[in-house]
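Student: coords below, sequence missing:
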Ligand code: SF4
């Protein structure tokens, strides 16, 4: 299988007609100037030069603002700049992200013409009350319509959803995930809400009107949603915002994060916590008071089984008084594990 490489191009907030209360795209991308065709070409050239692998699949991804909300001429300018690389097969596909109310047949025909393969929709929630609280400017109905149209036109559909939006409960987020599953996305990104500087949400936070989730709460909420997507074979490609100079620990000088469940290894926290639950469940099914176990698993899962800073191993000892030994075995399918009881109490 070819290794996938992404060439990210950030389209800043100028491209978006909206002002969601939690968003300040200028800060998230660290960029305020609109990109040009020249920027696109330079970025592609730069990345292509640095990819060493000859057997690769390269995708140009327009991240950031709402791609199809920017003026038509600008969309065409940016997409046109990618076409020679597509023709020369140096780039294999294009991905864009946009808002659910910025999709219609004409837009999709334009995306097809320029070989866009994947369209990711910023959904955030399917609950209209929660959407209006954070001034998203679209409804859950828009999400359904756009998703169906995107799939009908043969694009790969992606969804992005948030946990911890103002007044959103755990159940609201589970409901959103279930609604999305019905719309059959291929890929999903899950973002716990961070309070970013110079946003309405930051004002609400300062006034005590919004309380962000703690890291622990965000992990718990994401875990259930990830499990739902996993069970429906939907690929969760990201959990938590990507770490950058701006999206970093709130105590660092350049960070734009004011508060919220920031963690540099957030995805690992979620996945490790899911492994912890599976291991505990399996231990509980053993008909004896277990003292020491061996967990045998594929190498790709070992870090998550051990947990961030060995958290799972220590928790099993502290909470259940169980000592754990790990064995790598690549014959075990990734995602699965075997449990061997080495010692139990009389
Ligand atoms: S639609 Fe997206 S880019 Fe625009 S303000 Fe909202 S979150 Fe930011």
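Tutor: Okay, I see it. Model, not experiment: these values are computed from the prediction. Residues are numbered from 1 along each chain as shown.
Student: Now the nearest residue to residue 338 once chain neighbours are set aside. Its backbone dihedrals?
Tutor: Closest residue to residue 338 apart from its sequence neighbours, by Cβ to Cβ, 6 or more residues apart in numbering: residue 296 at 4.3 Å. C-beta: built from backbone N, CA, C; applies to glycine. Here is the backbone geometry of residue 296 (degrees, to the nearest 10): phi -110, psi 120.
Student: Am I right that residue 296 is in contact with residue 337?
Tutor: Yes - taking Cβ atoms under 8 Å as the definition, residue 296 is a contact partner of residue 337 at 6.4 Å.
Student: Excluding sequence neighbours, find me the nearest residue to the residue in the stretch 101-250 of the chain that the ligand sits nearest to.
Tutor: The minimum distance from the stretch 101-250 of the chain to the ligand, using Cβ to the nearest ligand atom, falls at residue 122 (5.0 Å). Once flanking residues are discounted, residue 122 sits nearest to residue 160: 4.9 Å by Cβ to Cβ, 6+ apart.
Student: From the chain's centroid, how far away is the host helix or strand of residue 219?
Tutor: Assigned by DSSP states H and E, residue 219 falls within helix 215-231. Remark: helix 215-231 is offset 12 Å from the chain centroid, using Cα atoms, centre = their mean, to the nearest Å.
Student: So which elements touch it?
Tutor: Judged by 3 or more Cβ pairs under 8 Å, 6 or more residues apart in numbering; DSSP states H and E, helix 215-231 is in contact with strand 156-163, helix 170-182, strand 187-192, strand 235-239, helix 266-285.
Student: Can you mark which positions in the shortest one are buried?
Tutor: Just to be clear, that refers to strand 235-239. For strand 235-239, a neighbour-count test (16 or more other Cβ atoms under 10 Å) marks 236, 239 as buried.
Student: That strand pairs with which strands?
Tutor: Strand pairing for strand 235-239, determined by DSSP bridges: strand 187-192 (parallel).
Student: The strand it pairs with to helix 266-285, inter-axis angle?
Tutor: Orientation check (axes from the mean of the first three to the mean of the last three Cα atoms, to 10 degrees): strand 187-192 against helix 266-285 gives 90 degrees.
Student: does the ligand sit close to strand 187-192?
Tutor: No - with Cβ under 6 Å from any ligand atom as the criterion, the ligand is not reached by strand 187-192; the gap is at least 9.9 Å.
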